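1. Need coordinates for the below:
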Amino acid sequence: MWAHGKPSVRVLLLGLAISELCPSQTVLNTSRFHILGSDLAIFESEEKRTDLQCEVAAVSPQLDFDLRAHIGYNALIPMRDLIGPPQRLRIMARITPDSRPGESFFLVDRIQVPSIAEDTGGAAEVSGEFLAGPGHYHVDWLMRDGREHVCSTHWEFTVKPNEKGVLPGIAPETIAEAPKDPFAEQSPPKQLTAGQPLHIQFLVNFSTTNDSDSAMKPRDVAALVAMLRGVAQLPRVGRFSITAFNMSEEKVIYREDNVTKIDFPALGKAVRGIHTGTVGYRQLADPDSKTRFLASLLTEHVGLKGAGPRSSDPDAIILVGPKVMLDRKLDKEAIEENAQTRVPVFYLNYNPDPTGNPWKGAIDSVLKAYRGLAYTITAPRDFGSALADMTARLKPGTASAAIR
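-> All right, here's what the predicted structure looks like:
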C-alpha cells in the first residue's frame, strides 16, 4: 500500500474524549513523525490484535451542520486491563483512500492514564473523530499501552458525493481534523469571486432551545456557529455585520459592523459569558420586557427605514437562532409600521426538536411584515438546502428590492 516505499504522510490531531481517564493530547510534528516497525507490521497484516482487550465500534459518516462528513470510533477498554501504575496509551489510525493507496493520512494521539486500583471495575471509553471528503477509505487502527499490549482493528467507510442542496465541505479523498472549538479560527481563507462582494447582516439569537434549560447545549451552540460559518464561507460574500443577543439576559452580547471577517474567537468569548438562568429584578417586575427587547432589535436591525439604499446597507439580512417564545405577543401593527425593509430577509429557525416544540415563535409571527423567508432547520441537510436556496436568491445590490 506504499508508493515507492514512501507514503505521503499527513499528521493531524485526533480529537479524543475519554471517560474515567485524563487525556494528555499531543500533535506529532511531521518532521519528527516515524512509524514504528511493529505498528506498520500490524497495519499491513490486517491482523486484529487483542493483547489489550478493547471493543471498537466504527461511527459511520454523518453530515454535521458544517456540511462535512464526520467519521469516528468509540472504543471500550475494561478497567481491569488498565490496573497498575500510571501509563500512557498511544493511539494511531492510518486512513487510506482506495483510489490513492500510496497516500495515507495518519492521525495520532497519546492519553495519560492515572494509577488504577486493583478493585476498579467498569470500562473506560475512548472516542475519536475526523472529517473526510467524498470517497472510499480503508482504516487501520491500533491502541498500544505502556506494557506494549495492543488492540487493533480495521474497517472501511464511504462518503458519498454531496446530494443536491448540500454544498461540498471538504475535498474528495481527503482527511482533516475535526475542530474541537466551534469558535476557533479556521484556515485557509476562502477565495472571493470576481465582482462586488455581498454584505450580509446577521442577527443571531444565542439562547436555549427550551426555556427549562439552564444553559445552551454545546451541540446547539456549535450548530448556530456552523450556520454562520456556512454563509460566511460563500465565495460571493465578503462583508459582514453581526449582532448577537441573548433573550434570557435581554441584551446584545456582541456586535461587529461592516467587517471583512467575523471575529469568531471574540464572539465565542461573548457567548461563554452568558449567564443563562439568572433573572434580574427589572425582568421580574416588567412582564413585557422581553417583548419590548425583541421588538427593538427587529426594528433596529431588520426594519431599515429611509427613502433609498445607502452604501452601508447590507445585501441581505439573515436571522439565526432558536424559536423565541414570549408570554406577551409582539405588536404586529407597530412592527409593520417600522418594517420598511429594503433587502431580502431570511430566517434560519433552528429547531432540533420539532415534535416537542411545534408552536410558532414570535419572529415567525411577524416575518411576513418584512416579506421574509423562513427555513426550519432541524437537521444538517435542512441547512444545506436553505443555504443553497439563499445563495440562488442573493444578488449584489439587492438593497433595492426585498424577496418576492
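
2. mind listing the helices for the stretch 101-250 of the chain?
-> 218-232 (DSSP state H, counting those that start in this stretch).

3. Which parts of it are strands?
-> Ranges of strands in the stretch 101-250 of the chain, per DSSP state E, counting those that start in this stretch, are 105-113, 123-132, 135-144, 150-159, 175-177, 198-205, 237-246.

4. So what's the gap between the third one and the chain middle?
-> Here the centre of mass of C-alpha atoms in strand 135-144, compared against the chain's by C-alpha atoms, centre = their mean, to the nearest Å, lies 24 Å away.

5. Which neighbours in the sheet does it have, and how are they oriented?
-> strand 87-97 (antiparallel), strand 150-159 (antiparallel) (DSSP bridges).

6. To Leu63, which of those strands lies closest?
-> Closest approach to Leu63 among the strands paired with strand 135-144 is made by strand 150-159 (9.3 Å; C-beta to C-beta). (Each C-beta comes from the backbone N, C-alpha and C, glycine too.)

7. outside of that closest one, which residues touch it?
-> With contact meaning C-beta atoms under 8 Å, 6 or more residues apart in numbering, strand 150-159 is reached by 42, 46-54, 56, 58, 60-61, 69, 71, 75, 77, 132-144.

8. go with 7 Å
-> Defining contact as C-beta atoms under 7 Å, 6 or more residues apart in numbering, one finds that strand 150-159 is touched by 42, 46-54, 56, 58, 60-61, 69, 71, 132-144.

9. from the chain's centre, how far out does that strand sit?
-> That offset, for strand 150-159, works out to 25 Å (C-alpha atoms, centre = their mean).

10. count of residues packed around the nearest residue to Met92 once chain neighbours are set aside?
-> Of all residues not flanking Met92 in the chain, Val108 sits nearest, at 5.0 Å (C-beta to C-beta, 6 or more residues apart in numbering). Val108 sits with 19 neighbouring residues when counted by other C-beta atoms under 10 Å.

11. Give me the distance between Val108 and Asp64.
-> 23 Å (C-beta to C-beta, to the nearest Å).

12. Then Asn357?
-> 21 Å.

13. which of the strands paired with strand 135-144 is buried the deepest?
-> Of all the strands paired with strand 135-144, strand 87-97 has the most neighbours on average by mean count of other C-beta atoms under 10 Å, namely a mean of 20.

14. What average pLDDT does that one get?
-> Taken as a whole, strand 87-97 carries a mean pLDDT of 92.

15. And stretch 289-301, by the same measure?
-> Rounded mean pLDDT across stretch 289-301 is 90.

16. mind saving the C-alpha coords of it as PDB?
-> The C-alpha coordinates for stretch 289-301 follow below in PDB (Å, rounded to 0.1, in the frame of the first residue of the first chain):
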ATOM      1  CA  SER A 289     -39.600  43.500  28.900                       C
ATOM      2  CA  LYS A 290     -38.700  40.500  26.700                       C
ATOM      3  CA  THR A 291     -41.300  41.600  24.100                       C
ATOM      4  CA  ARG A 292     -40.000  45.100  24.000                       C
ATOM      5  CA  PHE A 293     -36.400  43.900  23.800                       C
ATOM      6  CA  LEU A 294     -37.200  41.700  20.800                       C
ATOM      7  CA  ALA A 295     -39.300  44.400  19.100                       C
ATOM      8  CA  SER A 296     -36.500  47.000  19.500                       C
ATOM      9  CA  LEU A 297     -34.000  44.500  18.000                       C
ATOM     10  CA  LEU A 298     -36.200  43.800  15.000                       C
ATOM     11  CA  THR A 299     -36.900  47.500  14.400                       C
ATOM     12  CA  GLU A 300     -33.300  48.500  14.600                       C
ATOM     13  CA  HIS A 301     -31.700  45.600  12.700                       C
END
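
17. got the contact list for stretch 323-330?
-> Residues from elsewhere that reach stretch 323-330 (C-beta under 7 Å, 6+ apart): 205, 211, 247, 287-288, 290-291, 294-295, 349, 351, 357, 361-363, 365-366.

18. Now the buried members of the residues you listed.
-> With burial judged by 16 or more other C-beta atoms under 10 Å, the buried subset of those is 205, 247, 290-291, 294-295, 349, 351, 361-363, 366.

19. possible to save those as JSON lines with distance to Asn258 and secondary structure?
-> Compiled in JSON lines, the buried ones among the contacts of stretch 323-330 are given as follows (distance: C-beta to C-beta, whole Å; DSSP: H, G, I helix; E, B strand; the rest coil):
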{"residue": "Asn205", "distance to Asn258": "21", "secondary structure": "strand"}
{"residue": "Met247", "distance to Asn258": "25", "secondary structure": "coil"}
{"residue": "Lys290", "distance to Asn258": "29", "secondary structure": "helix"}
{"residue": "Thr291", "distance to Asn258": "29", "secondary structure": "helix"}
{"residue": "Leu294", "distance to Asn258": "24", "secondary structure": "helix"}
{"residue": "Ala295", "distance to Asn258": "24", "secondary structure": "helix"}
{"residue": "Asn349", "distance to Asn258": "26", "secondary structure": "strand"}
{"residue": "Asn351", "distance to Asn258": "30", "secondary structure": "coil"}
{"residue": "Gly361", "distance to Asn258": "29", "secondary structure": "coil"}
{"residue": "Ala362", "distance to Asn258": "28", "secondary structure": "helix"}
{"residue": "Ile363", "distance to Asn258": "24", "secondary structure": "helix"}
{"residue": "Val366", "distance to Asn258": "26", "secondary structure": "helix"}
